[in-house]
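Trainee: I need the structure of the sequence given here:
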Amino acid sequence: MAVMPVMPREGDWTVDDLDRLPEGDGLQYELFDGILVVSPAPVPRHAKAVTNLLLLLGRKFPQPGLQLYTAPLDWRPGRRRSLQPDVLIVADENVGEKNLTGSLVLAVEVLSASTRQKDLLLKRAVYQDEGVQSYWIVDPDEPSVLALELRDGVYYETGKAAGDEELVLTVPFPITIVPSALVTR
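Mentor: A predicted model of the protein is given here:
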């Protein structure tokens, strides 16, 4: 049995350290400026929201040159950052053999009790800093969707809906989302 490092011997975590961690343990490993954050596997309500959003996006996804993915898949904008958005859209040229690089067109996080603060604060800051064009935050418990768009390096709210309200968005492409439909199908 191989011995896996729990912490690097010196300094911050890097993507190289992540590559040495075991796979398939059901945990999510993410790096925020060299700090490792480990989260448990999502609960069924979270997974249902991710699945339904992915299906909706897949039906509306019109743009050649872009790819639609779901977690777990590492997006590595740098050596000390590695995140796993629940749903994401990325340009073809940023798709590598093992992970994604470059800026994302869309990152979506579905909130859960164990990830709420990380998604609302840490990930929002990283996505903004890394130039992610659109960031959507889905709350399956409310249910609600908040859409943010990057303008001049800062996120601005472009739409918000709760329950049976329709959220009509045009960026990154035209789509209508009904938050309650993400958790009730």
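Trainee: could you list the low-pLDDT ranges of the protein?
Mentor: Residue ranges of the chain with pLDDT under 70: 1-9, 62, 185.
Trainee: quick one: the helices in it?
Mentor: In the chain, the segments counted as helices under DSSP state H are 15-19, 44-60, 116-117, 124-129, 181-184.
Trainee: what about the third one, distance to the chain center?
Mentor: Its chain's C-alpha centre lies 13 Å from the corresponding centre of helix 116-117 when counted by Cα atoms, centre = their mean, to the nearest Å.
Trainee: what of the second one?
Mentor: Here the centre of mass of C-alpha atoms in helix 44-60, compared against the chain's by Cα atoms, centre = their mean, lies 13 Å away.
Trainee: thinking again about what came up before, any chance of TSV for the helices of the chain, columns distance to V145 and mean neighbour count?
Mentor: Any C-beta I mention is one placed from the backbone N, CA and C, and that applies to glycine too. Formatted as TSV, those follow (distance: least, Cβ to Cβ, whole Å; neighbours: other Cβ atoms under 10 Å):
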stretch	distance to V145	mean neighbour count
helix 15-19	30	14
helix 44-60	9	16
helix 116-117	15	12
helix 124-129	15	18
helix 181-184	8	17
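Trainee: can you list these in a markdown table and add distance to P140?
Mentor: Compiled in a markdown table, the helices of the chain are given as follows (distance: least, Cβ to Cβ, whole Å):
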| stretch | distance to P140 |
| --- | --- |
| helix 15-19 | 27 |
| helix 44-60 | 4 |
| helix 116-117 | 11 |
| helix 124-129 | 18 |
| helix 181-184 | 5 |
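Trainee: between those, which one is nearest to V138?
Mentor: helix 44-60 (5.6 Å; Cβ to Cβ).
Trainee: restrict the closest one to CA atoms and write it as CSV.
Mentor: Extracted in CSV, the C-alpha atoms of helix 44-60 (Å, rounded to 0.1, in the frame of the first residue of the first chain):
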residue,chain,number,x,y,z
PRO,A,44,-29.3,13.7,-3.5
ARG,A,45,-31.1,17.1,-3.6
HIS,A,46,-27.9,18.8,-4.7
ALA,A,47,-27.2,16.0,-7.3
LYS,A,48,-30.8,16.4,-8.7
ALA,A,49,-30.3,20.1,-9.2
VAL,A,50,-27.0,19.6,-10.9
THR,A,51,-28.5,16.9,-13.2
ASN,A,52,-31.6,18.9,-14.1
LEU,A,53,-29.5,22.0,-14.8
LEU,A,54,-27.1,20.0,-17.0
LEU,A,55,-30.0,18.5,-18.9
LEU,A,56,-31.6,22.0,-19.4
LEU,A,57,-28.2,23.5,-20.5
GLY,A,58,-27.6,20.5,-22.8
ARG,A,59,-30.9,21.2,-24.7
LYS,A,60,-30.2,24.9,-25.0
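Trainee: by contact count, what packs against that helix?
Mentor: Using 3 or more Cβ pairs under 8 Å, 6 or more residues apart in numbering; DSSP states H and E, the elements in contact with helix 44-60 are strand 66-70, strand 87-91, strand 104-110, strand 175-177, helix 181-184.
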